[in-house]
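Asks: Based on what follows, work out the 3D shape:
(one chain, ligands or ions: 1)
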Amino acid sequence: MDSVFAVITMDLAGHELERYDRQLKINGWGNEGQMKLKSSKVVVAGAGGLGCPASIYLVASGFGKVRIIDDEKVELSNLNRQILHWTSDIGVFKVDSASLKLRSLNPNVEVEGLRCKITRENVHDMIRGFNVVVDAMDNYRTRYILNEACVREGIPLIHGAVYGFEGQLTTVVPHITPCLSCIFPQVPPEVEKPPVVGTTPALIATLQVTEAIKLITGIGENVLGRLLIYDGTDMSFQEIKVQRNPECPVCGT
Ligand SMILES: [Zn+2]
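Replies: Numbering: from 1, shown residues only. Have a look, this model is predicted:
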């Protein structure tokens, strides 16, 4: 899809050219692609297993602003997968633990941590004006809230979810692709504190950031109308074609 940035007025500084040197060399990226990233703002909903690796790669690749939303504090049982939080961070708000390291990783990026829970009441204020939302949630109740708000605001939502060695990914572009409610009309069964090996969210999150980079730079094709399913136990990737539901209560006509 075409990028939304028709006019780019910023220039890259010398230190940015050096920092991003290896990605600037990618076909179709160059200074223009990097400036598109620098002009764009991403919401990462959740600072856990998906949100940590997602925000690391968003910040490392040079998005202009990354807003991370989470209301929890770091616990010992988070540390097998939530790689921005370390043993010394136990008891600290996740957004504070994450923001500190992310700013140190790349001070060119505006990193904002919001200590709050996403609700129907506040979600629009949290995402309005942003270019992409990364779904790094651990429950479908909040995913549906995000999905509906993204459809209303016209903001692409990059969905990721994990369980054990399994993960899934799709990119929702409002009114073009199916939304999460089209794909999952009923809330999938959920387990409190599901099993997770840390590499599963790491993989899905890096795929989510790859999707965000492609959406913004216009390089390649996104996972549109397809649900990608990863199974680490036999190292397989499968795809399910998904379609819009004209009767969808969220995005239907
Ligand atoms: Zn829908």
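Asks: For the rest of this, base every contact and every neighbour count on C-alpha atoms.
Replies: Will do.
Asks: Within range of the ion, give me the residues from the chain.
Replies: The chain comes close to the ion at residues 179, 181-182, 248, 251, as judged by Cα under 5 Å from the ion.
Asks: In helices, which of those fall?
Replies: Those of the residues of the chain next to the ion mapping onto helices are 181-182, per DSSP state H.
Asks: Is it correct that K101 falls within a strand?
Replies: No: counting by DSSP: H, G, I helix; E, B strand; the rest coil, K101 is located in no strand; its state is helix.
Asks: The ion versus that one, what's the distance?
Replies: Noted for K101: a distance of 37 Å to the ion, by Cα to the ion, to the nearest Å.
Asks: would you turn the residues of the chain next to the ion into a markdown table with pLDDT, neighbour count and distance to A136?
Replies: A markdown table is the format used below for the residues of the chain next to the ion (pLDDT from 0 to 100; neighbours: other Cα atoms under 10 Å; distance: Cα to Cα, whole Å):
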| residue | pLDDT | neighbour count | distance to A136 |
| --- | --- | --- | --- |
| C179 | 98 | 32 | 16 |
| S181 | 98 | 20 | 17 |
| C182 | 98 | 20 | 19 |
| C248 | 98 | 16 | 23 |
| C251 | 97 | 22 | 21 |
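Asks: how long is stretch 130-147 from one end to the other?
Replies: Stretch 130-147 has an end-to-end distance of 14 Å (criterion: Cα to Cα, to the nearest Å).
Asks: Return the set of buried residues in that stretch.
Replies: Using 16 or more other Cα atoms under 10 Å as the test for burial, stretch 130-147 gives 130-138, 140, 142-147.
Asks: Then stretch 70-81?
Replies: 70, 72-75, 78-79, 81.
Asks: which residues sit against that stretch?
Replies: Applying Cα atoms under 8 Å, 6 or more residues apart in numbering, the contact partners of stretch 70-81 are 45-49, 85-87, 89-95, 113-118, 196-199, 201-202.
Asks: Now the buried members of the residues you listed.
Replies: Buried residues within these, counting neighbours by 16+ other Cα under 10 Å: 45-49, 85-86, 89-90, 93-95, 113-115, 118, 196-199, 201-202.
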